[in-house]
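[1] 3D, please:
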Amino acid sequence: MNAATATQSITPVCSYYLVKQGTPNPFLGYSESSLKRCTRCKGAYYMDGGAQKLQWKIHKKNCKPSSLDTTKMDLDHCTKALKSALYGGSPDLYFIIKRVRGLFDNGAENSDMAAFHLHSIARGLMSLNTSLLLGIVACPYMSSLLFGEEEDLLSTKYRLVKNTKLAKYNGRPSDEFLEDIEDETEKEEVTLLVEQYDKLDDSWGQPSSMSFCYLYFNLIVASTIQGQLSHSSTHDGNGTMRGGNPKMKSPETLLSTAALRRAMELWTDPHVLASCGDAMAPAASLAVTAVEYYRVHNLLCEEHLCNAHELVPGLAIDHLAMTCMKEILDGAGSASYSSKLLKGLKDICGKVWDANCPWRNLPIERRATFAIAFYDYVENADNSSFSSYGRGVELPDNDDMNQIFRIIVGLHNPIDTTIAGSVWKTAAEDGEFIGVHGSGCNYRSRAFFYYLLRSESDGWEGMDVTKLIKEFEDIPRIHKAPDDPKVKEKDECFRLAEGDKRHDEMNRIFSS
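    Sure thing, here's the model as predicted:
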């Protein structure tokens, strides 16, 4: 890759204020205007001449075009060059990192070992002075690489989902759902995509996105906090937020705030988390550190720093809850921190109630997606593999989870059954396209929300939803008690969720 290729693929990010081109930031005085590019290196961008002057002392050292030819560099060569470039700064840094990503994607030899060494190099930055991290960001193209949209951290499989019609179906639809698509042209197109998806088997070996994430994500974590390395990267998010109070607008706090936003947005993206797995291990502990820091300094939901629905930069309340539930179900090494976040979320949300409340104007569709994820969590939590990783760690209890559910779906201070009813309706009717699984695999949760929708709204206010989900699951299928009113009601809810054809087929299977 050369400089010309780089400029075609990046989203410009101001190297000093770290705002993305086209994304307004009133707190930092940026509208949507085009960023100005450094005329010398052509790899740094600025809001204005004042921002360029503020960073010039750091940027000038590496303000020159790269002359490095990376095309013949293997992973071993890249690892050695990268360590020198990170710790000393270099106009070549961006191109070395991009070469690493390309080598991983192309299945270079010794990828796992190289990922281990790159992980160690990136982790080592966490204990160092912030001035070194500021120097890294000041290198040509680095602010755009770390805080822009050029790097998606997706595996080939999830990039296929994101960039094709599979996005409409939230991933791979079930074979039954695919068979029932009425538009023959669409069915043919989606069938070809499913065949392509199924050939991308990530079950053997480490996906290239995960190998690269060990480097990339830890560069972002190191830019957010300063701390000592632990025995496990799961705990690497424990530390001190760089620069102190983010409202001070110092270079250090600008870096820490931008890095926190990027880290949290990546972690709570389900496709990124699936693509990178344990390489994102520090994220949950980083979230704990950030939420506690912002709470102590009365900055939770601070409108100058957070977007709508966020507790801290990049961490939307519904995305946080869904990610934590997912990590617990998956038995992730960092699930103990996810459990801590869920238990703390109830207390935080019970105290925050003002114009900036993160769930006040949460869209109905997002509330419904959370509700489906909640059902999936309650249905499977007792059988999760979390116990193998978290012995001695207390999971959120039913009261904690019920409170979080009520807050996000609209049954909390003030209680709004109109919102809740809209959530049940959206989850029931649109759940195959907004649920946590691919289309055709969310029918159980959809049946439950049909069940709620058909119940009396007077009982919604104080309902124990975790208990209700488990009771719903315990109601037998229609063939076991065809005259029981509860069984008949559940059967009708499944008929609404599955459709007549599939429902009759399922009942034949269960009764045979």
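[2] what about residue 377, how many neighbours?
    Neighbour count of residue 377, defined by other CB atoms under 10 Å: 24. No exception for glycine: its C-beta is placed from N, CA and C like everyone else's.
[3] correct me, but it touches residue 329?
    Yes: using CB atoms under 8 Å, residue 377 is in contact with residue 329, at 6.3 Å.
[4] and residue 36, what are its phi and psi?
    phi -90, psi 140 (degrees, to the nearest 10).
[5] that one: what's it in contact with?
    Residue 36 sits next to 45-49, 52 when contact means CB atoms under 8 Å, 6 or more residues apart in numbering.
[6] what do you get for residue 218?
    So residue 218 contacts 119, 122-123, 125-126, 233, 236, 282 (CB under 8 Å, 6+ apart).
[7] out of those, which comes closest to residue 95?
    residue 122 (17.3 Å; CB to CB).
[8] still on that earlier bit, widest-spaced pair of the contacts of residue 36?
    Using CB to CB, the two most remote members of the contacts of residue 36 are 45 and 49, lying 12.4 Å apart.
[9] quick one: which of these two has more around it?
    residue 45 (27 against 9).
[10] phi, psi for that one please.
    Dihedral angles for residue 45 - degrees, to the nearest 10 - are phi -130, psi 150.
[11] what sits against it?
    Counting by CB under 8 Å, 6+ apart, residue 45 has contacts 12-15, 21, 35-38, 143-144.
[12] and the residues you listed, which is closest to residue 166?
    Among those, and counting by CB to CB, the member closest to residue 166 is residue 144, at 28.0 Å.
[13] distance from the chain centre to the helix or strand hosting residue 346, please.
    Assigned by DSSP states H and E, residue 346 belongs to helix 335-351. Relative to its parent chain, helix 335-351 has a centroid offset of 17 Å by CA atoms, centre = their mean, to the nearest Å.
[14] what's the first helix or strand after it?
    Following helix 335-351 in sequence, per DSSP H and E, is helix 364-380.
[15] can you tell me which helices and strands the helix or strand following that following helix packs against?
    Remark: after helix 364-380, the chain's next helix or strand is helix 398-409, criterion DSSP H and E. Applying 3 or more CB pairs under 8 Å, 6 or more residues apart in numbering; DSSP states H and E, one finds that helix 398-409 contacts helix 317-330, helix 335-351, helix 364-380, helix 417-434, helix 465-474.
[16] which of those has the lowest mean pLDDT?
    Among the helices and strands packed on helix 398-409, helix 335-351 carries the lowest mean pLDDT, at a mean of 85.
[17] list the contacts of the most centrally placed residue in the chain.
    Within the chain, one residue has its C-alpha closest to the average C-alpha position: by CA atoms, centre = their mean, that is residue 268, at 1.8 Å. Contacts for residue 268 were tallied using CB under 8 Å, 6+ apart; they are 314-316, 319-320, 322-323.
[18] can you rerun that using 10 Å?
    283, 287, 314-316, 318-324, 326 (CB atoms under 10 Å, 6 or more residues apart in numbering).
[19] pLDDT at it, what is it?
    At residue 268, pLDDT is 98.
[20] next one: residue 5
    On the pLDDT scale, residue 5 gets 55.
[21] now do residue 8
    57.
[22] skip the chain neighbours and tell me the closest residue to residue 367.
    Among residues not flanking residue 367 along the chain, residue 423 sits closest, at 4.7 Å (CB to CB, 6 or more residues apart in numbering).
[23] burial check on that neighbour, number of neighbours?
    28.
[24] that one is in contact with residue 429, isn't it?
    No: contact criterion CB atoms under 10 Å: residue 423 and residue 429 do not qualify, at 11.2 Å.
[25] what sits in contact with each of the two?
    Between them, residue 423 and residue 429 share the contacting residues 368, 449, 453, judged by CB under 10 Å, 6+ apart.
[26] report the contact partners of the last one.
    What it means is residue 453. 420-421, 423-425, 427-429, 493, 496.
[27] got a list of what the residue nearest to it when sequence neighbours are not counted touches?
    Spatial nearest neighbour of residue 453, chain neighbours left out: residue 424 (4.3 Å); criterion: CB to CB, 6+ apart. Residue 424 sits next to 367-368, 371, 409, 417, 448-455, 457, 460 when contact means CB under 10 Å, 6+ apart.
[28] and the furthest pair within the residues you listed?
    367 and 454 (19.1 Å).
[29] and the pLDDT for residue 232?
    Residue 232 is given a pLDDT of 89.
[30] can you check residue 244 too?
    Residue 244 is given a pLDDT of 88.
[31] now for it, how many residues are close by?
    With other CB under 10 Å as criterion, residue 244 counts 14.
[32] not counting its neighbours along the chain, what's nearest it?
    residue 253 (6.4 Å).
[33] phi, psi of the one you found?
    phi -70, psi -30.
[34] so it touches residue 243, yeah?
    Yes: taking contacts as CB under 10 Å, residue 253 lies within contact range of residue 243: 3.5 Å.
[35] what do these two both touch?
    What both residue 253 and residue 243 touch, as defined by CB under 10 Å, 6+ apart, is the set residue 130.
[36] can I get stretch 27-40 in CSV, CA atoms only?
    Output of stretch 27-40 as CSV, limited to C-alpha atoms (Å, rounded to 0.1, in the frame of the first residue of the first chain):
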residue,chain,number,x,y,z
PHE,A,27,-18.3,20.6,22.4
LEU,A,28,-15.1,20.8,20.3
GLY,A,29,-16.5,23.4,17.9
TYR,A,30,-16.7,21.2,14.8
SER,A,31,-19.5,21.3,12.3
GLU,A,32,-19.6,19.0,9.2
SER,A,33,-17.0,20.9,7.2
SER,A,34,-14.1,19.1,5.4
LEU,A,35,-11.0,18.7,7.4
LYS,A,36,-7.8,20.3,6.2
ARG,A,37,-5.0,18.0,5.1
CYS,A,38,-1.3,18.6,6.0
THR,A,39,0.3,19.6,2.7
ARG,A,40,3.7,18.0,3.6
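[37] can you show me the strands along the stretch 1-150 of the chain?
    36-37, 45-46 (DSSP state E, counting those that start in this stretch).
[38] sheet-wise, list the partners of the first one with their directions.
    Looking back up the chat, that one is strand 36-37. strand 45-46 (antiparallel) (DSSP bridges).
[39] what mean pLDDT does the strand it pairs with get?
    97.
[40] not counting sequence-adjacent ones, nearest residue to residue 377?
    residue 325 (4.0 Å).
[41] tally of neighbours for residue 382?
    Neighbours of residue 382 (other CB under 10 Å): 9.
[42] check residue 206 too.
    Neighbours of residue 206 (other CB under 10 Å): 18.
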